[in-house]
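Colleague: One predicted model, sequence on top.
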Amino acid sequence: MIVTMRPWTLLVGVVLASCGSDDDPNCVDLKSASPAYQHEDGEGSHASRSCIESGCHLAGDLGPAAPAYHAAGTIFKADKVTPAVGVTVRFTPLSSDATAAEAITDDEGNFFILASKPTPFPSIPDVTGCPDVNTMIEGALDPSYGSCAVQGCHSTGAGRGPVFLGD
């Protein structure tokens, strides 16, 4: 999975735990994916690019006709190239100040959680498409999280590299 989030300074090292059984109670079957959203700039879906940044989906500094997001990104299969389509991205709250949220990836592996919904942060994010479940062990502790594919986080070729679903 490649997920796009904003940079942060408190999180050191992202560790993913992977489960893999259809008997896993946290496992969710693949869902029907919606068609990939095509941005008005004519540059497609922007898969694997940072979503929550100035001029895009950053609250207070949105791009043209763009809604603000709490979280957004692109999930890939284990090969780190092929989009993971129809997988469930969940944010399980760590406190009563946060609300559980989930999204299903589209035809290009993209997902988002609208900022018009209650915040899912702080939370424990995970991605699932049976038989796989990948969980970010230390969670997303800060509400400024959201865009994972930024330098130093899960950007392609930098930082911790892409996060993916599967072996």
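Modeller: Happy to help now that I have it.
Colleague: burial of Glu53, as a residue count?
Modeller: Neighbouring residues of Glu53 were enumerated by other Cβ atoms under 10 Å; the total is 17. Placement of C-beta: from N, CA and C, glycine included.
Colleague: Tell me where this structure is predicted with low confidence.
Modeller: 1-23, 137-139, 141-163, 167 (pLDDT under 70).
Colleague: residues near Gly63, how many?
Modeller: When counting by other Cβ under 10 Å, one arrives at 15 neighbours for Gly63.
Colleague: Pretty sure it sits against Gly55.
Modeller: Yes - counting by Cβ atoms under 8 Å, Gly63 touches Gly55, with 4.8 Å between them.
Colleague: what number of residues lie near the closest residue to Lys117 other than its chain neighbours?
Modeller: Excluding its sequence neighbours, the residue lying closest to Lys117 (Cβ to Cβ, 6 or more residues apart in numbering) is Ala101, at 6.4 Å. With neighbours defined by other Cβ under 10 Å, the count for Ala101 comes to 21.
Colleague: hey, where'd the strands end up in the chain?
Modeller: Secondary structure of the chain by DSSP state E: the strands cover 2-4, 16-20, 57-58, 61-62, 69-74, 76-77, 88-93, 101-104, 110-114, 123-129, 132-136, 164-165.
Colleague: hey, C-alpha coordinates of the fifth one in CSV?
Modeller: Included here for strand 69-74 are C-alpha records, laid out as CSV according to Å, rounded to 0.1, in the frame of the first residue of the first chain:
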residue,chain,number,x,y,z
TYR,A,69,-9.5,15.5,3.3
HIS,A,70,-8.6,14.1,6.7
ALA,A,71,-6.7,11.2,5.1
ALA,A,72,-6.0,10.1,1.5
GLY,A,73,-3.7,8.0,-0.5
THR,A,74,-3.0,5.1,-2.8
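Colleague: Many thanks, we can stop here.
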